[in-house]
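Asks: just need the structure, nothing else, for what follows:
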Amino acid sequence: MEWIAGHWKLILLFTGIHFTLGRSFSVLFAIINHVPVFLYFPLALAYDYVQIPVYGIILEHSSRNFFPVRWVKNKTDRFLTHVDERPILKKVMSLGNVGLILLSALPIRGFGILSGSIVSFFLKKGKVEGTILLMIGSFIGIFIIMGIANGVFKVLSFF
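Replies: So this is what the prediction gives:
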């Protein structure tokens, strides 16, 4: 527990960055500030895990009461019924679970747990299946950020 007491300010900043800017920035912040990997890796996974049911509850309640979300849901249902008619749409949808994992893993702004939760909701994935796929994406996404940061630091060390 001594290592948590020594890093409590970094953990607090990490938490704020994770929930405001996203997983990519929070993991990058932890790497730059030399936070131990055994500390920030489980924290990032736990924070992503907490976000999934929160976004799910928001989507479930807003789809009943909020017109734009209900409209998007109806459009998505129609889109899913016409996938067989259009080859490009069929190809995109053929990624299925892998596409959902990539959506939640890629360290690009606009991707992540929120986008993955929305797509999982509209694809009518079950709560357990959607959560597992999103957490796999989160796990992979943390490794992607770690790899990118490691590569950047190696390139910068040449100068």
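Asks: can you count the residues close to residue 127?
Replies: Residues lying near residue 127 (other CB atoms under 10 Å) number 12. (C-beta placed from N, C-alpha, C; glycine too.)
Asks: wait, isn't it in contact with residue 56?
Replies: Yes: contact criterion CB atoms under 8 Å: residue 127 and residue 56 qualify, at 6.8 Å.
Asks: after the helix or strand of the chain with the lowest mean pLDDT, which helix or strand is next?
Replies: Within the chain, confidence by mean pLDDT, DSSP states H and E is lowest for helix 87-93 among all helices and strands, at a mean of 48. Going down the chain from helix 87-93, the next helix or strand is helix 96-105, by DSSP states H and E.
Asks: rounded mean pLDDT for that following helix, please.
Replies: On average, the pLDDT along helix 96-105 is 84.
Asks: for the next helix or strand after it, what is the average pLDDT?
Replies: Going down the chain from helix 96-105, the next helix or strand is helix 113-122, by DSSP H and E. Taken as a whole, helix 113-122 has a mean pLDDT of 78.
Asks: quick one: the helices in this structure, in order.
Replies: 2-6, 8-20, 23-32, 37-65, 67-81, 87-93, 96-105, 113-122, 127-157 (DSSP state H).
Asks: so how far is the longest one off the chain centroid?
Replies: A distance of 10 Å separates the C-alpha centroid of helix 127-157 from that of its chain, computed with CA atoms, centre = their mean, to the nearest Å.
Asks: give the buried residues for it.
Replies: 130-131, 133-139, 141-142, 144-146, 149 (16 or more other CB atoms under 10 Å).
Asks: now this protein, which segments are flagged as low pLDDT?
Replies: 1-6, 61-94, 110 (pLDDT under 70).
Asks: 90 instead?
Replies: Along the chain, segments meeting pLDDT under 90 span 1-11, 19-22, 34-37, 39, 51-127, 130, 153, 156-159.
Asks: still on that earlier bit, quick one: which of the buried residues of helix 127-157 is nearest residue 96?
Replies: residue 133 (9.5 Å; CB to CB).
Asks: dump the residue contacts of the nearest residue to the closest one once chain neighbours are set aside.
Replies: Excluding its sequence neighbours, the residue lying closest to residue 133 (CB to CB, 6 or more residues apart in numbering) is residue 100, at 4.8 Å. Going by CB atoms under 8 Å, 6 or more residues apart in numbering, residue 100 touches 116, 119-120, 123, 125, 130, 133-134, 137.
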